[in-house]
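J.: structure for the following, please:
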Amino acid sequence: MSHIHKLIDFTVVCYIVYGNKVLLIHHKKLNKWLPISGHIELDEDPEQALFREIEEECGLEVEIVAEKPDLKTEYRKFLLTPTYLDIHPIDDTHKHIGMTYFGKAKSDAVKLAEKEHHEIRWFTIQDVESPKYELTEDIKFYIEEALKITN
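T.: The predicted structure is shown next:
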């Protein structure tokens with residue numbers, strides 16, 4: 001999807017773990033390995049966007065490791081709390097505010113979103129450290145956190 005706002009968009013990011021591996025996709029447009037992520041559309045809340053992006057980008061059933069009150073009210077919907085919140089540049093004029101979640105996959109059977117990604121694969125901690133994949137330090141940090149929090 002294209003940008004919703006000119007300067008800053010809100011996005012959801014999910015580091016999905018299965019066993020001791022973390023799922024990453026190789027993004028066609030950005031030409032790098034990233035977690036499952038995407039824009040929060042104007043007609044959805046962050047939780048709806050999170051589960052939509054997971055379904056669209058990998059097709060997994062995922063349990064999100066987050067909290068929200070178990071309370072139903074007529075006027076308020078409680079949302080899963082992101083573990084981290086950051087802002088990062090996409091280009092010289094546009095930024096994303098990323099709401100980062102961690103999740104546990106119920107299986108490792110993924111589907112490739114061919115229009116958006118070159119590849120999808122499960123990364124071991126050894127893969128994460130390999131220069132072959134050119135992962136940035138922030139992505140490595142989030143992967144390590146995901147493995148700690150979900151295991």
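
J.: flag the shaky bits of the protein, pLDDT-wise.
T.: Applying pLDDT under 70 to the chain picks out residues 1-3.

J.: repeat that with 90
T.: The model of the chain has pLDDT under 90 over residues 1-6, 29-30, 70-73, 90-91, 114-116, 151.

J.: tell me the helices in it, going along the chain?
T.: 46-57, 125-129, 137-150 (DSSP state H).

J.: most packed of these?
T.: Among the helices of the chain, ranked by average contacts under mean count of other CB atoms under 10 Å, first place goes to helix 46-57 (a mean of 19). To be clear about C-beta, it is placed using only N, CA and C from the backbone, and glycine gets the same treatment.

J.: now do that one: which elements does it pack against?
T.: Contact here means 3 or more CB pairs under 8 Å, 6 or more residues apart in numbering; DSSP states H and E; on that basis helix 46-57 packs against strand 8-18, strand 36-39, strand 62-64, strand 95-105.

J.: repeat that with 7 Å
T.: Contacts defined by 3 or more CB pairs under 7 Å, 6 or more residues apart in numbering; DSSP states H and E place helix 46-57 against strand 8-18, strand 36-39.

J.: extract the CA atoms of the shortest one and return them as CSV.
T.: Once non-C-alpha atoms are left out, strand 36-39 reads as follows in CSV (Å, rounded to 0.1, in the frame of the first residue of the first chain):
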residue,chain,number,x,y,z
ILE,A,36,6.2,-9.2,8.8
SER,A,37,4.9,-5.6,8.8
GLY,A,38,2.6,-3.1,7.1
HIS,A,39,0.6,0.1,7.3
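
J.: partner strands of it and their direction?
T.: Under the criterion DSSP bridges, strand 36-39 sits next to strand 8-18 (antiparallel) in its sheet.

J.: got TSV for the helices and strands packed on helix 46-57, with distance to Gly98 and mean neighbour count too?
T.: Formatted as TSV, those follow (distance: least, CB to CB, whole Å; neighbours: other CB atoms under 10 Å):
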stretch	distance to Gly98	mean neighbour count
strand 8-18	5	22
strand 36-39	7	22
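
J.: great, nothing more from me.
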